[in-house]
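*Asks:* Next one to model:
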Amino acid sequence: MSTISSQGYHRGSILLHWAMLALFVIVYASIELRTVFEKGSDARATMKDLHFMFGLSIFALVWLRLVLRALTRRPPIVPQPPAWQRMASTAMHVVLYVFMIGMPLAGWLVLSAADEPIPFFGLQVPPLTGPDMPFALKVHKLHETAGTVGYWLIGLHALAALAHHYLWKDNTLRRMLASGPRGTRQ
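*Replies:* Next up, the predicted model:
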């Protein structure tokens, strides 16, 4: 096995990080843009289908991210941040991973309980539960609220990376941009 560069994350981790950002942009844009189209229109249905499919894509890829996270080393932050920043970073990452797992699951549950098809790029995903409209409505409300919280989580994550780069002048952001040799945990 090769050793890891102290410069940046494993290439796969970097690729997945930025791919997930692109998926989040599509998921959020599609659900927001659906309102541009008339209710019942094909265009509105397409926007909702894109939201579902790319949301489930996030769900699929988050597991790959977790595997890569377990198999590869995280390069150190230089200079090392204070303990409160390390704790805040850990907490934010836990919350983001819970979000990337929980939100698609909640959407999947909503469609399942509403007895709606669950599209995934030409495939139909099996429902997680039987029809139960009151349950679907409760989970839908939770999904919408958590979606709003997601804007803040993603924004805070990006803001923290910029603060590390421009205010604290450490390598936090550069680690996710770096090129060069990458390796696995030894």
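*Asks:* The most centrally placed residue in the chain sits in which helix or strand?
*Replies:* The geometric centre of the chain, computed from its C-alpha atoms, lies nearest to residue 100 (C-alpha atoms, centre = their mean), at 4.3 Å. When elements are assigned from DSSP states H and E, residue 100 belongs to helix 83-113.
*Asks:* how much space between the closest residue to the residue nearest to the centre of the chain other than its chain neighbours and residue 149?
*Replies:* Excluding the flanking residues, the one nearest residue 100 by C-beta to C-beta, 6 or more residues apart in numbering is residue 62, at 4.2 Å. For every residue, glycine as well, the C-beta is placed using N, CA and C. Going from residue 62 to residue 149 by C-beta to C-beta, to the nearest Å gives 17 Å.
*Asks:* Looking at these two, which has the bigger crowd around it?
*Replies:* residue 62 (21 against 13; other C-beta atoms under 10 Å).
*Asks:* pLDDT below threshold where in this protein?
*Replies:* Within the chain, the stretches with pLDDT under 70 are 1-6, 178-186.
*Asks:* Buried residues, stretch 26-42. List them.
*Replies:* Across stretch 26-42, burial judged by 16 or more other C-beta atoms under 10 Å covers 26-28, 30-31, 34.
*Asks:* which of these lies closest to residue 173?
*Replies:* residue 28 (22.0 Å; C-beta to C-beta).
*Asks:* what sits against the closest one?
*Replies:* 147, 150-151 (C-beta atoms under 8 Å, 6 or more residues apart in numbering).
*Asks:* Direction included, what does the following helix or strand past the helix holding residue 100 pair up with?
*Replies:* Next helix or strand after helix 83-113 toward the C-terminus (DSSP H and E): strand 119-120. With DSSP bridges as the test, strand 119-120 is paired with strand 123-124 (antiparallel).
*Asks:* Identify all contacting residues around stretch 98-112.
*Replies:* Residues from elsewhere that reach stretch 98-112 (C-beta under 8 Å, 6+ apart): 20, 51-52, 55-56, 58-59, 62, 65, 117-118, 125, 127-130, 135-136, 139-140, 142-143, 146-147, 149-150, 153.
*Asks:* What is the end-to-end distance of stretch 116-135?
*Replies:* Using C-alpha to C-alpha, to the nearest Å, the end-to-end distance of stretch 116-135 comes out at 13 Å.
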